[in-house]
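Novice: With the sequence up front, the predicted model follows.
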Amino acid sequence: MNAASPGPQPWQPRKLSSDGTQERESPVARIPDLRRIRRVPWSTVPDFAVVLAGADINGAPAPELLGFPPMNRALRDGLLSRYRFLPNHSVLIAEPASPVRAAALSSNLRTLHRQITSLREVLGDFSRERERLTGLLDGTAAADEPFWQSSRVTRPTRLIKDQYASFTVSLRPDAAVPSFLYGNVSQRITIAELLLHEMKQDRFIPSDVPVVLHIVLDVSFSMKTRGKLDYALGAVNQLGTTLPRMLGNTRVQAYVYSDTARRIDLPAERVSIPMSGTRQANVMRMVLKNQVPGFRNKILVVTDGEPEDSAEALSAADQLRRHNVDYTQVLLHHDDDLRHVLKDEFAYLGSTDGMVDDERTARLEENGADFSRARTDEEFATAVEERFRAFTRIAENAGGNQIVLTMVPALAVVSLEVYDRYLGLLTLAGA
């Protein structure tokens, strides 16, 4: 694990005063205006409290309670009169830290409710996509095994995990990392269930801490092959739309790079720079300039090869580490990309990142030209090892993580898993 280093710290719950003199900590960090949650008979619900559960009509909350309004006498009497709740009927309530914070508590509960609703949608989409991909793997992926560590989807021997420049978490072998994808979370989760678990310090969903996710996408010439660019754009757009909706404190910034680099708006439908070589240093420096003070800055790089500007990229990676930017890189790898090499006399047909230019070779193929040769087993093994060695050095200099993804269609799922793992560990670091 990396040595701990200073940097923006996770949000901590405010100290609240229950009686004007003694300070105490809110039991649920997500809701700083919350004093406590408890069950009470309906007739004793105090003013300014918010009803969380127990006042359902035909399986749904009473319309008057939608939006989590603070209780008052008129609201309570109206509900008793209209729905004839028994005075001893038990309901779950949330009490504000003080009467003046009741409106803020109500607002925070509405925000959390929207995020939980989005979480349900994300879990549904994720489960369906994961099931589809598992079918492509002949059903061999374990239900509780993240794709990013599956030998059918990645190269686990090339995995670097849980390495971050801005924090360190030492996990026991039996420790569970909070996860909204693989934790004890169902698509039927309620706001009451979430808050009750967190009061017991049972963090089965990562904390919504302030994070800027910088997604960096390689758009070099070689990304045109095997549909890599389409899958990459799909993954970037999914993260850009999903995360801010589900996690109110997550911002997403996206970049593309080849020989040049540019920050882009999401959703992205096309590449806005020429697709040529693979020069990564410029985009790393661009991320450094776009850090957001007071937030954790997390970078996710999606690429299909090592950078041509290796020395500059290594230096830029070192700067990321020294500026506490948490780094993860995903290499889209397919062995067949390295099985053939251009013959010396046709070297000019190669693009700047080493790929064969399809447009320039099309006519040669029509005329039966033999412009490439298969590498020997030894040459092939050496080429693969050199790629992995050069690629891994970037992650090591950045003090970050690495995933070698061999199943490109799983990129969107893996990208979401990467962020889920990051937030889960950040939750433990701030506990």
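Specialist: Arrived safely.

Novice: quick one: low-confidence ranges for the stretch 101-250 of the chain?
Specialist: Along the stretch 101-250 of the chain, the parts satisfying pLDDT under 70 run over 139-143, 173, 187, 200-201.

Novice: Where do the strands of it begin and end?
Specialist: All strands of the stretch 101-250 of the chain, identified by DSSP state E, counting those that start in this stretch, fall at 211-218, 250-257.

Novice: now swap in the stretch 301-431 of the chain and tell me
Specialist: Secondary structure of the stretch 301-431 of the chain (DSSP E, counting those that start in this stretch): strands at 326-332, 340-342, 372-374, 401-405.

Novice: Give me the domain ranges for the protein.
Specialist: Listed by automatic domain parsing, the domain ranges of the chain are 15-108, 147-339+375-429.

Novice: and those, which is most packed in?
Specialist: Among these, domain 147-339+375-429 has the highest mean neighbour count (mean count of other CB atoms under 10 Å), at a mean of 19. The C-beta positions use only the backbone N, C-alpha and C, and glycine is treated the same way.

Novice: Now do the end-to-end distance for that domain.
Specialist: The first and last residues of domain 147-339+375-429 sit 24 Å apart, counting by CA to CA, to the nearest Å.

Novice: name the helices or strands packed onto the longest helix seen in the chain?
Specialist: Assignment by DSSP state H gives helix 102-136 as the longest helix of the chain. If you count contacts as 3 or more CB pairs under 8 Å, 6 or more residues apart in numbering; DSSP states H and E, helix 102-136 packs onto strand 50-53, strand 90-96, helix 191-199, helix 228-246, helix 411-429.

Novice: Of all the domains of the chain, which one is nearest Ser118?
Specialist: Nearest to Ser118, of all those, is domain 147-339+375-429, at 4.2 Å by CB to CB.

Novice: on that earlier part again, just tell me which of the domains of the chain ends up closest to Leu133.
Specialist: Closest approach to Leu133 among those (CB to CB): domain 147-339+375-429, 5.4 Å.

Novice: Can I get the strands of the stretch 101-250 of the chain in CSV including distance to Thr168?
Specialist: Formatted as CSV, these follow (distance: least, CB to CB, whole Å):
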stretch, distance to Thr168
strand 211-218, 17
strand 250-257, 22
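
Novice: how about the ones you listed, which one is nearest Leu416?
Specialist: Checked against CB to CB, the stretch from these lying closest is strand 211-218, at 11.1 Å.

Novice: Output the contacting helices and strands for the closest one.
Specialist: helix 228-246, strand 250-257, helix 281-289, strand 296-303, helix 411-429.

Novice: can I get these in TSV with distance to Gln115?
Specialist: Shown next, in TSV, are those (distance: least, CB to CB, whole Å):
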stretch	distance to Gln115
helix 228-246	6
strand 250-257	10
helix 281-289	26
strand 296-303	18
helix 411-429	13
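
Novice: With respect to Thr392, which of these lies nearest?
Specialist: Closest to Thr392 of the helices and strands packed on strand 211-218, according to CB to CB: strand 296-303, at 12.7 Å.

Novice: got the CA positions of that closest one in CSV?
Specialist: Output of strand 296-303 as CSV, limited to C-alpha atoms (Å, rounded to 0.1, in the frame of the first residue of the first chain):
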residue,chain,number,x,y,z
ARG,A,296,-10.9,14.3,-4.3
ASN,A,297,-9.6,14.3,-7.9
LYS,A,298,-9.8,10.8,-9.5
ILE,A,299,-8.5,10.0,-13.0
LEU,A,300,-9.6,7.0,-15.1
VAL,A,301,-7.6,6.5,-18.3
VAL,A,302,-8.9,4.2,-21.0
THR,A,303,-6.4,3.3,-23.6
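
Novice: starting at the chain centroid, how far to it?
Specialist: Put simply, strand 296-303 sits 10 Å off its chain's centre (CA atoms, centre = their mean, to the nearest Å).

Novice: Same question for stretch 154-170.
Specialist: Stretch 154-170 sits 15 Å away from the centroid of its parent chain (CA atoms, centre = their mean).

Novice: and what of stretch 94-103?
Specialist: Computed by CA atoms, centre = their mean, the separation of stretch 94-103 from the middle of its chain amounts to 32 Å.

Novice: Restricting to C-alpha, output it in CSV.
Specialist: Provided in CSV are the C-alpha atoms of stretch 94-103 (Å, rounded to 0.1, in the frame of the first residue of the first chain):
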residue,chain,number,x,y,z
ALA,A,94,-36.6,11.3,11.7
GLU,A,95,-36.1,14.2,14.1
PRO,A,96,-34.1,17.3,13.2
ALA,A,97,-31.2,18.5,15.3
SER,A,98,-33.3,21.5,16.2
PRO,A,99,-36.7,23.0,15.0
VAL,A,100,-34.9,25.6,12.8
ARG,A,101,-33.2,22.7,10.9
ALA,A,102,-36.5,20.9,10.1
ALA,A,103,-36.7,22.4,6.6
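
Novice: host element of Arg36?
Specialist: For Arg36, the host element (DSSP states H and E) is strand 34-41.

Novice: Leu92 contacts Ile37, correct?
Specialist: Yes: in terms of CB atoms under 8 Å, Leu92 counts as a neighbour of Ile37; the distance is 6.7 Å.
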